[in-house]
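S.K.: Sequence first, predicted coordinates after that:
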Amino acid sequence: MSIIIPIVIAFDNHYAMPAGVSLYSMLACAKTEHPQSQNDSEKLFYKIHCLVDNLSLENQRKLKETLAPFDAFMSVDFLDISDPNNPTTTLAEPSVIDKIHEAFLQLNIYAKTRFSKMVMCRLFLASLFPQYDKIIMFDADTLFLNDVSESFFIPLDSYYFGAAKDFSSPKSLKHFQTEREREPRQKFFLHEHYLKEKDMKIICENHYNVGFLVVNLKLWRADHLEERLLNLTHQKGQCVFCPEQDLLTLACYQKVLILPYIYNTHPFMANQKRFIPNKKEIVMLHFYFTGKPWVLPTFSYSKEWHETLLKTPFYAEYSVKFLKQMTEFLSLKDKQKTFEFLAPLLNPKTLLEYVFFRLNRIFKRLKEKFFNS
């Protein structure tokens, strides 16, 4: 018998490609055995559950093809939270779907505009996955550099989940509140929406990043945590700007195990020894805030992300867009660096796609010039 490690990742069609890169990198680094004693070990099997919102057949196909090299120790399925008529996915329990929608509707206009309802899935993991007592969940904008399995064996006991703190938290409560509320209050009239000072203090002092979680679902059920979280969305949903993260913090902060930063490393942290004493030990990079590698190809660790992308079927659809970004974004003084970065991409297929792309642009301009003359 193998030890089953349940992996959960939530995304929609917009994040299918990053999810593919994240999962490929996770499995490429994952150990397939766990030592039981000095002379004995047990096989590991990773059950990947993709929480999706009406994911297209094409993206499902590409994800399955992406993960196919790891079939010997992995399976993947799709759990849909929206479309009861999609025969290629398994529909989540209707009662859980209703709770996800209900929780999302309680949020303020900024949160509902910035985030999809997928983020609220984190509040109902125990109901979404009743077959498990413990799971690992991580965001799609991530890249794994080392084995994830060791985190599954961290004892949680009386903790609801294990998570790393956010490295960017200001020490001053006033500064913390000002910084996190600046953008939403600039975009929307939200002056009536304030968390009480005691709530803001809890979030400031326990500012976790939920981009990587090891979750104790057994304790969630024993303590009826989901019921408390749903009630909390009704009470404070209008006042939170990082909805699922803030609500989980307010409900769970006394029972959270702080994980080392290696499990949730922003690239800015990688060379700072106060966060990461040895960057060779980084398990997961998390491209939160700005600097998504598929948007900004020169960002830190973008090369590693793209090298993984090259191993997936998502590469073909991305190559033209990427080369266009590079030619428009980089200046001539970066010529050598650009060539070194592009070298792995310069195969005949990519060059052919790029030539057709440039020809289409030229013909389009000639056509516009002709009709406007």
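M.R.: Here it is on my side, so go on.

S.K.: So for stretch 39-59, mean pLDDT?
M.R.: In this model, stretch 39-59 has an average pLDDT of 94.

S.K.: got any ranges where the stretch 201-350 of the chain has weak pLDDT?
M.R.: By pLDDT under 70, the low-scoring segments of the stretch 201-350 of the chain are 320-350.

S.K.: In it, what residue spans correspond to strands?
M.R.: 208-216, 256-258, 284-286 (DSSP state E, counting those that start in this stretch).

S.K.: Can you name every helix or strand that the second one contacts?
M.R.: Secondary structure elements in contact with strand 256-258, counted by 3 or more CB pairs under 8 Å, 6 or more residues apart in numbering; DSSP states H and E, are strand 161-165, strand 208-216. (C-beta placed from N, C-alpha, C; glycine too.)

S.K.: Name the residues of the next helix or strand after the shortest one that are buried.
M.R.: Pointing back at strand 161-165 there. Next along the chain after strand 161-165, taking DSSP states H and E as the criterion, comes helix 173-187. Judged by neighbour count (16 or more other CB atoms under 10 Å), helix 173-187 contains these buried residues: 176-177, 180-181, 184.

S.K.: now do stretch 285-299
M.R.: For stretch 285-299, by 16+ other CB under 10 Å, it's 285-288, 291-294, 297-299.

S.K.: Could you do stretch 264-271 as well?
M.R.: So for stretch 264-271, counting by 16+ other CB under 10 Å, buried means 264-267, 269-270.

S.K.: from the buried residues of helix 173-187, which single one is nearest residue 136?
M.R.: Proximity of the buried residues of helix 173-187 to residue 136 (CB to CB) peaks at residue 180, which lies at 27.1 Å.

S.K.: and the closest one, what does it touch?
M.R.: Counting by CB atoms under 8 Å, 6 or more residues apart in numbering, residue 180 touches 241-242.

S.K.: From residue 188, how far out is the residue nearest the centre of the chain?
M.R.: Centroid-nearest residue in the chain: residue 139, 1.6 Å away (criterion: CA atoms, centre = their mean). Counting by CB to CB, to the nearest Å, the separation of residue 139 from residue 188 is 25 Å.

S.K.: still on that earlier bit, want to throw the buried residues of helix 173-187 into JSON lines with distance to residue 56?
M.R.: Converted to JSON lines, those look like this (distance: CB to CB, whole Å):
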{"residue": "176", "distance to residue 56": "40"}
{"residue": "177", "distance to residue 56": "40"}
{"residue": "180", "distance to residue 56": "34"}
{"residue": "181", "distance to residue 56": "36"}
{"residue": "184", "distance to residue 56": "31"}
